[in-house]
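Asker: Just need the structure, nothing else, for what follows:
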Amino acid sequence: MKVRATVICEQDRHILLVRKLRGRWTLPGGKIEPGETIAGAATRELYEETALVVDGLLYLMELNTISTRHHVYEASVVNLAEARPQNEIIECIWHPLDAVQNLNTSDATLRIVKAFQRRL
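Answerer: Numbering: from 1, shown residues only. Prediction:
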């Protein structure tokens, strides 16, 4: 089973989503490197994909799918207005939380976003 650090950035009831070339919209995040903490991977992946610098992380939940264990963090960042796609990410958007189901996303992304909405 893959283990993934997944990051939620929320601003004014909008959530940051990223997309790779020919991919679906997802929450920023990725695999944990050897010797790296899950929180460290969340911080690194968010920066690598969006150029956002983490100011603080809050662990929210673990979500298991058939092939992946997502460790989900909410991030507060110092430079929200500077989100831009980097590396393999071709696009990043601030999308309304209550309309994520209208995008081409994975079931895991939808489940994580719905769980996050319930805590707001």
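Asker: Can you list the residue ranges for strands in the chain?
Answerer: 2-8, 10-11, 14-20, 25-26, 29-31, 54-64, 68-77, 89-96 (DSSP state E).
Asker: Residue 41 is nearest to which of those?
Answerer: Nearest to residue 41, of all these, is strand 2-8, at 3.9 Å by Cβ to Cβ. (C-beta placed from N, C-alpha, C; glycine too.)
Asker: Can you name every helix or strand that the closest one contacts?
Answerer: Where contact means 3 or more Cβ pairs under 8 Å, 6 or more residues apart in numbering; DSSP states H and E, strand 2-8 is packed against strand 29-31, helix 38-50, strand 68-77, helix 107-119.
Asker: Using TSV, lay out the strands of the chain together with mean neighbour count and mean pLDDT.
Answerer: Shown next, in TSV, are the strands of the chain (neighbours: other Cβ atoms under 10 Å; pLDDT from 0 to 100):
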stretch	mean neighbour count	mean pLDDT
strand 2-8	21	96
strand 10-11	15	94
strand 14-20	20	97
strand 25-26	20	97
strand 29-31	18	96
strand 54-64	14	96
strand 68-77	20	97
strand 89-96	16	96
